[in-house]
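> Sequence isn't available, so here's the structure alone:
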């Protein structure tokens with residue numbers, strides 16, 4: 001059996017999968033806690049956990065060293081050996097040379113890049129050559145697949161779609177962007193946007209489902225900003241498909257897609273009547289692991 005290992009190293013959990021290389025069929029998957037901030041003899045606990053996971057999956061596959069794709073937050077070095085920049089959390093991740101640490105062939109990539117690569121390989125964007133993904137969660141992330149490859153940029157920064165501006169007169173976010181998309185719809189600002197009435201975006205959506213006028217107003221205003229951002233990105237990237245992922249997208253479903261489509265009717269330039277399709281991500285929490293495996297094929 002020709003298999004490879006995908007490891008999606010997140011701030012809370014490490015998701016691992018053993019996947020068949022030719023078919024993309026999932027053999028097995030599981031997750032372990034990251035335990036960010038814990039060290040053993042100066043080595044991050046999560047790195048030791050990853051090493052144990054790799055050995056466990058290799059044993060399950062019959063022994064022998066397997067190819068490993070590993071994704072994590074932050075900017076991945078173009079050489080595919082480490083994460084170069086991840087300040088504030090995931091302590092010990094920056095500059096950790098994974099091929100040396102695991103003593104195997106390892107390719108390291110950004111977690112959002114990996115998720116989109118997985119969706120293109122076996123998910124909602126299968127077969128697409130031009131697609132971008134926006135993840136709606138605590139923050140807003142993204143990735144771009146352009147002309148058949150993940151767009152990384154000069155320093156691995158490409159795809160941070162949450163930090164495009166939808167209001168130049170609004171305050172700046174942590175990245176210095178005025179009126180960023182992340183501030184407009186990310187869960188981290190829901191209490192401010194909802195005037196303290198909703199603890200989370202999912203709570204806002206529950207109020208929307210009951211017809212609460214205030215909740216509907218807040219939600220539609222967030223989607224108006226998202227529609228403006230997507231309309232702008234369509235003009236820049238000319239995609240055939242936009243994938244919407246993350247916890248907010250999963251929880252909202254049609255409460256996201258239907259009104260967003262109405263805003264795009266207004267904001268999207270459609271030469272010859274050509275309209276970009278919208279779809280929800282289909283691989284869930286395992287998208288990153290799929291993309292990791294795809295990156296080492």
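Thanks, I have it. Fair warning: this is a prediction, and the values are worked out from it, not measured in the lab. Residues are numbered from 1 along each chain as shown.

> quick one: residue 12 and residue 34 touch, right?
Yes: the criterion here is C-beta atoms under 8 Å, and residue 12 meets it with residue 34 at 5.8 Å. Any C-beta I mention is one placed from the backbone N, CA and C, and that applies to glycine too.

> Roughly how far does residue 228 sit from residue 221?
Per C-beta to C-beta, to the nearest Å, residue 228 is found 11 Å from residue 221.

> Which one's more surrounded, residue 12 and residue 34?
residue 34 (21 against 9; other C-beta atoms under 10 Å).

> Let me see the mean pLDDT of stretch 266-283.
For stretch 266-283, mean pLDDT is 95.

> measure that stretch end to end?
End-to-end distance for stretch 266-283: 30 Å, by C-alpha to C-alpha, to the nearest Å.

> Show me what counts as buried in that stretch.
267, 268, 276, 278, 279, 280, 281, 283 (16 or more other C-beta atoms under 10 Å).

> and the lowest-mean-pLDDT helix or strand in the chain, what does it pack onto?
Of all helical and strand segments in the chain, the minimum by mean pLDDT, DSSP states H and E falls on helix 247-252, at a mean of 86. For helix 247-252, the elements it packs on are strand 131-136, helix 201-209, judged by 3 or more C-beta pairs under 8 Å, 6 or more residues apart in numbering; DSSP states H and E.

> can you do 10 Å?
Where contact means 3 or more C-beta pairs under 10 Å, 6 or more residues apart in numbering; DSSP states H and E, helix 247-252 is packed against strand 131-136, helix 201-209, helix 213-237, strand 241-245, helix 254-267, strand 277-280.

> Just name the most buried of these.
strand 131-136 (a mean of 27; mean count of other C-beta atoms under 10 Å).

> what's the angle from that strand to strand 241-245?
20 degrees (axes from the mean of the first three to the mean of the last three C-alpha atoms, to 10 degrees).

> quick one: strand 131-136 to chain centroid distance?
7 Å (C-alpha atoms, centre = their mean, to the nearest Å).

> how big is the angle separating that strand from helix 201-209?
Using the same axes, to 10 degrees: strand 131-136 against helix 201-209 is 90 degrees.

> Buried residues, whichever helix or strand comes after strand 131-136. List them.
Note on strand 131-136: by DSSP states H and E, the next helix or strand toward the C-terminus is strand 140-146. By neighbour count with 16+ other C-beta under 10 Å, strand 140-146 contains the buried residues 140, 141, 142, 143, 144, 145.

> quick one: the helices in the stretch 51-200 of the chain?
98-102, 111-122, 181-185, 190-193 (DSSP state H, counting those that start in this stretch).

> Buried ones in the least confident helix or strand of the chain, by neighbour count?
248, 249, 250, 251, 252.

> Tell me what the nearest residue to the second one once chain neighbours are set aside is bridged to.
So that's residue 249. Excluding the flanking residues, the one nearest residue 249 by C-beta to C-beta, 6 or more residues apart in numbering is residue 136, at 5.0 Å. Here residue 136 sits in beta bridges with residue 140, as judged by DSSP bridges.

> check contacts around the residue nearest to residue 119 when sequence neighbours are not counted.
Of all residues not flanking residue 119 in the chain, residue 125 sits nearest, at 4.5 Å (C-beta to C-beta, 6+ apart). Neighbour list for residue 125: 116-119, 131-133, 145, 239-243, 277, 279, 281-283 [criterion: C-beta atoms under 10 Å, 6 or more residues apart in numbering].

> please redo it, this time with the cut-off set to 7 Å
119, 131, 241, 243 (C-beta atoms under 7 Å, 6 or more residues apart in numbering).

> roughly how far apart are the closest residue in space to residue 129 that isn't next to it in sequence and residue 128?
Distances taken as C-beta to C-beta, 6+ apart place residue 148 nearest to residue 129, at 4.9 Å, with adjacent residues excluded. For residue 148, the distance to residue 128 (C-beta to C-beta) stands at 9 Å.

> which one of the two has more residues nearby?
residue 128 (19 against 9).

> got the contact list for the closest residue in space to that one that isn't next to it in sequence?
Closest residue to residue 128 apart from its sequence neighbours, by C-beta to C-beta, 6+ apart: residue 241 at 5.3 Å. Residue 241 makes contact with 125, 128, 131, 276, 277, 279, according to C-beta under 7 Å, 6+ apart.

> Greatest separation within the residues you listed: which pair is it?
Farthest-apart pair in the contacts of residue 241 is 125 and 276; separation 12.2 Å (C-beta to C-beta).

> Phi first, then psi, for the residue nearest to residue 92 when sequence neighbours are not counted.
With C-beta to C-beta, 6+ apart as the criterion, residue 92 has its nearest non-adjacent residue at 3.4 Å, and that residue is residue 44. With angles defined as degrees, to the nearest 10, residue 44 sits at phi -60, psi 140.
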